[in-house]
Each structure stands twice: as structure tokens, then as C-alpha cells.
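Q: just a sequence and a predicted model for now, questions to come.
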4 protein chains.
Amino acid sequence: MYKTVIEPRVSETDGVGHINNTTVPVWLEAGRNKLFALFNPDNSFKNWKMVILKTTVEYKQQLYFGANVEIKCWVKRIGNSSLELYEEIWQKGKLSAKANTIYVNYNIQENKSETIPIEIRNELENHMYEEVLCE
Amino acid sequence: MYKTVIEPRVSETDGVGHINNTTVPVWLEAGRNKLFALFNPDNSFKNWKMVILKTTVEYKQQLYFGANVEIKCWVKRIGNSSLELYEEIWQKGKLSAKANTIYVNYNIQENKSETIPIEIRNELENHMYEEVLCE
Amino acid sequence: MYKTVIEPRVSETDGVGHINNTTVPVWLEAGRNKLFALFNPDNSFKNWKMVILKTTVEYKQQLYFGANVEIKCWVKRIGNSSLELYEEIWQKGKLSAKANTIYVNYNIQENKSETIPIEIRNELENHMYEEVLCE
Amino acid sequence: MYKTVIEPRVSETDGVGHINNTTVPVWLEAGRNKLFALFNPDNSFKNWKMVILKTTVEYKQQLYFGANVEIKCWVKRIGNSSLELYEEIWQKGKLSAKANTIYVNYNIQENKSETIPIEIRNELENHMYEEVLCE
């Protein structure tokens, strides 16, 4: 599992007094940096590979300014060129949001999806979500 | 249907060269301003009503800087206290993203969901999504 | 003067209940789209020209969700390769923020600043800030 | 000096390929969390104190995705109710942005500025910018 700790920012709250719902996808993407680097080790945008296809976010608890959050990112399914992530956001011991997100390994220059290379696939398998253990 | 025109901003793009995926939920929320005002006519945050429960976003086409986008927001289903939206983002004649989003009518002070009042329900019915006509 | 109307978004507010201060530079940049297009008519990022050097923002009045804002962008000074903007944000008849911002006309590929072409200079002169008339 | 380490996000870059200029004020504000907590220990927005009056940001070097940044925040001047910060953003050993920012200690309920209490003043003095030592 890829784990990222984020300190909430005032600019990420909204007038209702909590973290705005649009901040959640921003944090989830921030939690994928190590995954992105796996496909694109030099972090260059010219060779960017991971293109998002779909995301479902469930808001379970309000998130607050003033306490760190933990973003957990598991791999749920590895397809030929696509992969599905399962992600959770925790704050003060509470599961506050969860998401399922599908990415495709895409060659932007040639405008086509590409098979996920075996070395990356092997590494991704170290981050698989095991339903029984983790919930 | 609630329709909102948005002019993309440089700050909403990312290094890959398109609109960043996290901008899409921001634009979708921006497209709900009239809906929010229906539940909370003075736009005060103290009496804020609409709390998001879940959203699913599908990314169909890249979105670009340099051309306006149109956010379309329909009501798909009206429950007792919750409602489901169906939303689309169009740019240059292409459906670029679509979303299904569930909100609940929530009393933040008393910390409980509330029945959607009949007058709001009647107004929401003017914005229902009709699958045959619109797709 | 370049004028842009923006409808504030919930995500642009913060917990204190107003528009967050970091939204102001975002809106100011949004108000420069026509200026950017003058230097880069096809809006491509490959040939992007305008690079920011410095900005000073003064916060005069709180900005609110629920009423449109107007971004006004004047050219204050045109140098050889740089230009200075004077910008104002108005809401409900009040000057809420003002800014002075310096950009340079930069060739990103060759990594050097470039003289502002005469045709652009002529067009910029149509947007000069005239202190007496405008304040 | 208050020091905050931030891992850049894809959503904070723009089409030109670097961190967008509007991200810099966001990071600077994120670097003020300990300062905000000094004035408002429970981080509640109801008792929020620090209101920004003015900020000047100088962009010295491009900031990139793929390497952490360090936000350094010093107190430059303590007035009766206001204070001036001097802030720097460093990446890979380079000073990439710097800022001068003025805040006022403001009572939002009573709508007036307040003298900075002596205990806070004493603590702020531990974070003073010493020009000779630090540049």
C-alpha cells in the first residue's frame, strides 16, 4: 500500500467549515505520486503514462483542518493496460473517504494504451488490496 | 437542466498539457450553484444544506485550455432527503466528462438529514433528466 | 482594459466564510486569458510566452460566495521584454482587491527573454491604465 | 523560523510543465499553519484571527513536480496588531520564490483589529528574520 501523510491547508476548507469535497480528489491524486513514478521514473510530463478513466469517491465523514490525514492507496486489479486502485483517507482514526479509481497506461505521443510492463506489474503486486486483512 | 459556462484557467491545467482531472469535480460543483441556492437562497454558509455523499466521474475526452466548457446538471432522482444528479461537461461539441453525484439535504446545526421540502421538490422536477431526449 | 466576470465557487471559499486569499491570484490569472492569447494566439503551452516575475496583491475587502466578481486588468508599463499589469477585483460595487504584476515575454525553448513585438505593443497600448480616469 | 516540507502534486503544475504561479501562495499559506495555531490554538474557524492584508511574491526559479519543497517562514516585523512575514520556498538547494506578507490580528465577530497579546509576541520573537545570518 502506498501511504502519504498530508497536512490540511486553510485553502482546502470551505465556508461550511470542513475540507471541501473537491479537495478529496486532489489528495487522492497526491497519494498516487509513487505509483506515477513507477510508470515514469524521471517524473517528466513528456513521458507521462497514467491517464485517469473513472473515479468513484464516497464521503463517509467530514474532514477537518487542524489534524493530519493519511492517504492509503492499494492496487485492486491489474488488467492488460489498465489498473484499478482502492483508496482511503483517514483522519483521527476515522475512515473519512474512500475511492475506486481506474487508470490506463497510455502513450500520449502515439495516442494509444500500452500493456503494463512485467516489472511494473510485479511491483504493483506488492500493493494489492486484501479485503479481509484491511477492512 | 442547470447550465453553466466556464472559461478554463491556466491554473486548472497540468504538466501533461490538459485540464487536470481534479479540476473536473471543481467545475461540477461550480455547476451546482443554482441548485445550492434553491436549498439556501441567501447563500449563507451558516444555513448550508447540500452535503455530498458520493460522486462518480467518468473521463471521456481530454479537456483543454483555450475553449469554454459547458457544465450541464440534471436531477436524476429525488428521494426523501437525498437527490441524485447527472452531470455532463461539454467542450467543442464533445462530451468530455460525465458524473453521477448524490447529495443529502442536511441540517448542519442539528446534525441530521431533512426531508426535501415540497416547493424545492417541485422546482427540482423541472430539471429532471429524460434519458431518451438527452442522450 | 481586459474585463472578466467570474462566478465564485464554494471550493474557492474557506472555513472563515469568505473567498480564501489564495483564490485571488487564481482569479487574477484567469483575468489575463486575453493577454496570454495576444502573445500566444493558439493557446498552446509549447509556445507559451508570458512568465510571471512578481506580483503584489492588496486585500481591501472580503470577497464572498453568492455574487459575481469582475476582474479588471490594465497594462501599466510596457518595457522591452517585460510588462507590468495593474489589476482590480470588484464585487457588489466595491474594490475588494488590487494587484501589480510583472510578466516577461519569455522563449521557453531557448530559455531567454524576447523583445515584445511591435504589433503586440500596439495592441497593449489600447489597455493602458490612466490613473486619473480610472480611480 | 517555521519550516514546512511539501511534496508537489500533479494538480499543482500547469501546461507549461512547472508548478503554476498560483500554487505558490497556496504553499506559503500552508507554511503558516503553526503561526495560525499560535493565534488560534484549537484551529477553529469561529475564532480565526489572522487576516491577510497584502502579499508580494517574487518568482526566482521555476518550481518542479518530482522533488520536495521547503517553505520557510520568518517574522520580519511585529506591530501593535499587525505582523509582517518573510517567506522563502526552496527546492533542490535553490531559492525559488520569496514573499513578504502582512497579516493583522483581527476579531471577526467584533469586526476590529486587536493588539497582539504579549505571550504570542514573545513566541513570535523566536522566529524573527535576521538578515545577516539567513541570507
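A: Yep, that arrived. Residues are numbered from 1 along each chain as shown, chains lettered A, B, ... in the order given.
Q: residues making contact with stretch A:123-133?
A: By C-beta atoms under 8 Å, 6 or more residues apart in numbering or on different chains, the residues outside stretch A:123-133 that reach it are A:1-2, A:38, A:73-76, A:78, A:83, A:86, A:116. Yep, even glycine has a C-beta here, placed from its N, CA and C like the rest.
Q: to clarify, my last question referred to stretch A:19-28.
A: A:6, A:8, A:12-14, A:55, A:57, A:59, A:62-65, A:69, A:71, A:73, A:87, A:89, A:97, A:99, A:101, B:21-22, B:25-26, B:29, B:52, B:55, C:10-11, C:13, D:9, D:11.
Q: check the separation of the first and last residues in stretch A:45-63.
A: 31 Å (C-alpha to C-alpha, to the nearest Å).
Q: figure out how far stretch A:105-120 is from the centre of its chain.
A: 19 Å (C-alpha atoms, centre = their mean, to the nearest Å).
Q: now the helices: where do they sit in chain A?
A: Residue ranges of the helices in chain A, as given by DSSP state H, are A:23-30, A:33-39, A:118-124, A:131-134.
Q: identify the residues contacting the nearest residue to A:Ile71 once chain neighbours are set aside.
A: Of all residues not flanking A:Ile71 in the chain, A:Gly31 sits nearest, at 3.3 Å (C-beta to C-beta, 6 or more residues apart in numbering or on different chains). Residues near A:Gly31 by C-beta under 8 Å, 6+ apart: A:2-4, A:6, A:71-73, A:87.
Q: please apply the same query to A:Tyr106.
A: A:49-51, A:81, A:112-114.
Q: kindly recompute the last result at 10 Å.
A: Under the criterion of C-beta atoms under 10 Å, 6 or more residues apart in numbering or on different chains, the neighbours of A:Tyr106 are A:39, A:48-53, A:81-82, A:112-114, B:16.
Q: quick check, stretch A:85-103 touching chain C?
A: No. Stretch A:85-103 does not reach chain C (C-beta under 10 Å from any C-beta of the partner chain); its nearest approach is 15.1 Å.
Q: residues in chain A within reach of chain D, list them.
A: Applying C-beta under 10 Å from any C-beta, we find that chain A lies next to chain D at A:4-13, A:15-18, A:25-27, A:29-33, A:36-37, A:40-46, A:48, A:50, A:64-67.
Q: where does chain A have low pLDDT?
A: Scanning chain A for pLDDT under 70 picks out A:132-135.
Q: what's the distance between the nearest residue in space to A:Lys92 that is not next to it in sequence and A:Ser96?
A: Spatially, and ignoring its direct neighbours in sequence, A:Lys92 is nearest to A:Ala67 (5.4 Å; C-beta to C-beta, 6+ apart). According to C-beta to C-beta, to the nearest Å, A:Ala67 and A:Ser96 sit 11 Å apart.
Q: ok, these two, which is more surrounded?
A: A:Ser96 (21 against 11; other C-beta atoms under 10 Å in any protein chain shown).
Q: what sits against that one?
A: A:18-19, A:24, A:58-64, A:69-70, A:88-90.
Q: and which of the residues you listed is nearest chain D?
A: Chain D has its nearest neighbour among the contacts of A:Ser96 in A:Tyr64, at 7.9 Å by C-beta to the nearest C-beta.
Q: contacting residues around A:Asn80?
A: Taking C-beta under 10 Å, 6+ apart as the test, what A:Asn80 contacts is A:104-105, A:113-116, A:121.
Q: can you pull out the strands in chain A?
A: A:2-6, A:50-59, A:69-78, A:82-91, A:94-107, A:112-113 (DSSP state E).
Q: with distance to A:Met128 added, can I get those in JSON lines?
A: Converted to JSON lines, the strands of chain A look like this (distance: least, C-beta to C-beta, whole Å):
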{"stretch": "strand A:2-6", "distance to A:Met128": "12"}
{"stretch": "strand A:50-59", "distance to A:Met128": "18"}
{"stretch": "strand A:69-78", "distance to A:Met128": "5"}
{"stretch": "strand A:82-91", "distance to A:Met128": "10"}
{"stretch": "strand A:94-107", "distance to A:Met128": "14"}
{"stretch": "strand A:112-113", "distance to A:Met128": "22"}
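Q: one step back: contacts only, for the residue nearest to A:Lys92.
A: A:7-8, A:91-92, D:43.
Q: then A:Ala37?
A: Counted by C-beta under 10 Å, 6+ apart, A:Ala37 has contacts A:43, D:66.
Q: again with A:Ile116
A: A:Ile116 makes contact with A:38-39, A:49, A:78-83, A:104-105, A:124, according to C-beta under 10 Å, 6+ apart.
Q: try A:Asn40
A: Residues in contact with A:Asn40 (C-beta under 10 Å, 6+ apart) are A:46-50, D:66.
Q: drop anything exposed from these.
A: Neighbour-count burial (16 or more other C-beta atoms under 10 Å in any protein chain shown) applied to those gives A:48-50, D:66.
Q: of those, which is the nearest to chain C?
A: A:Trp48 (13.4 Å).
Q: tell me, how many residues neighbour the nearest residue to the closest one once chain neighbours are set aside?
A: Distances taken as C-beta to C-beta, 6+ apart put B:Val16 closest to A:Trp48, at 4.8 Å, once the chain neighbours are dropped. Using other C-beta under 10 Å, B:Val16 has 22 neighbouring residues.
Q: OK, contacts around B:Val16?
A: Residues near B:Val16 by C-beta under 10 Å, 6+ apart: A:45-46, A:48-51, A:106, A:108, B:62, C:45, D:10, D:13, D:15, D:17.
Q: same question, A:Tyr86
A: A:Tyr86 neighbours (C-beta under 10 Å, 6+ apart): A:1, A:72-77, A:98-101, A:128-129, A:131, A:134.
Q: run the last query once more with 6 Å
A: Applying C-beta atoms under 6 Å, 6 or more residues apart in numbering or on different chains to A:Tyr86 gives the contacts A:74, A:76, A:100, A:129.
Q: ok, A:Ala30 next?
A: Contacts of A:Ala30 by C-beta under 6 Å, 6+ apart are D:Arg9.
Q: mind doing that once more with 10 Å?
A: Here A:Ala30 is in contact with A:4, A:6, A:71, A:73, B:22, D:6-12 (criterion: C-beta under 10 Å, 6+ apart).
Q: any of the residues you listed buried? List them.
A: A:4, A:6, A:71, A:73, B:22, D:6, D:8-12.
Q: closest to chain C among these?
A: B:Thr22 (10.4 Å).
Q: and A:Glu110, what are its phi and psi?
A: Main-chain dihedrals, A:Glu110, degrees, to the nearest 10: phi -90, psi 0.
Q: which residue, neighbours along the chain excluded, lies closest to A:Lys3?
A: Counting by C-beta to C-beta, 6+ apart, the residue nearest A:Lys3 is A:Lys72, at 5.6 Å.
Q: roughly how far does the one you found sit from chain C?
A: A:Lys72 sits 24 Å away from chain C, going by C-beta to the nearest C-beta, to the nearest Å.
Q: same thing with A:Lys54?
A: 21 Å.
Q: and if you look at A:Asn33?
A: For A:Asn33, the distance to chain C - C-beta to the nearest C-beta - is 22 Å.
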